[in-house]
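Student: Model the following, please.
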Amino acid sequence: MPLKILNTIIKQYLNFRYKGIVSKAKNASSVQYQLLKNLVSEAKNTLYGKQHSFGLLKNYNDFKKLVPIVKYDDIF
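Tutor: Below you'll find the predicted structure:
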């Protein structure tokens, strides 16, 4: 494959990735909120999730009220 074609393909891919990163950076709060929702949903049936009522969490304020700040070692 000629180098010019390869460079064009790589440039287009990197441009695509760059636009995705910029989009996520502009919407960082919503991206983080969605990630929190996904993590809580995945963990709601674990022992820790049950102990801290992950199934009842509806928003970030619920999370702050029901889930204590702990060290990693305190989880186990």
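Student: what residues are up against Leu57?
Tutor: 40, 63, 66-67 (Cβ atoms under 8 Å, 6 or more residues apart in numbering). Glycine gets a C-beta too; all of them are placed from N, C-alpha and C.
Student: what's the closest of these to Asp73?
Tutor: Proximity of the contacts of Leu57 to Asp73 was ranked by Cβ to Cβ; the top entry is Val67 with 16.6 Å.
Student: Could you count how many residues lie near Lys26?
Tutor: A count of nearby residues for Lys26, using other Cβ atoms under 10 Å, gives 10.
Student: Can you tell me which residue sits nearest the middle of this protein?
Tutor: Centroid-nearest residue in the chain: Leu35, 3.1 Å away (criterion: Cα atoms, centre = their mean).
Student: Where does that one sit: helix, strand or coil?
Tutor: Following DSSP: H, G, I helix; E, B strand; the rest coil, Leu35 is assigned to helix.
Student: and stretch 33-41, how far out from the chain's middle?
Tutor: 7 Å (Cα atoms, centre = their mean, to the nearest Å).
Student: Let me see the residues that make contact with the helix or strand containing Ser30.
Tutor: Using DSSP states H and E, the element containing Ser30 is helix 28-43. Residues from elsewhere that reach helix 28-43 (Cβ under 8 Å, 6+ apart): 24, 49, 54, 57, 60, 63.
Student: Buried ones among these?
Tutor: Neighbour counting over those (16 or more other Cβ atoms under 10 Å) leaves 49, 54, 57 as the buried ones.
Student: wait, isn't the second one in contact with Lys44?
Tutor: I take that to be Phe54. Yes - the pair Phe54 / Lys44 is scored as a contact, 3.8 Å apart, by Cβ atoms under 8 Å.
Student: okay if I get the contacts of Leu57 as a markdown table plus distance to Gln12 and secondary structure?
Tutor: Putting these into a markdown table (distance: Cβ to Cβ, whole Å; DSSP: H, G, I helix; E, B strand; the rest coil) gives the following:
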| residue | distance to Gln12 | secondary structure |
| --- | --- | --- |
| Val40 | 37 | helix |
| Phe63 | 40 | helix |
| Leu66 | 46 | helix |
| Val67 | 43 | coil |
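Student: among those, who's most crowded?
Tutor: Val40 (18 neighbours).
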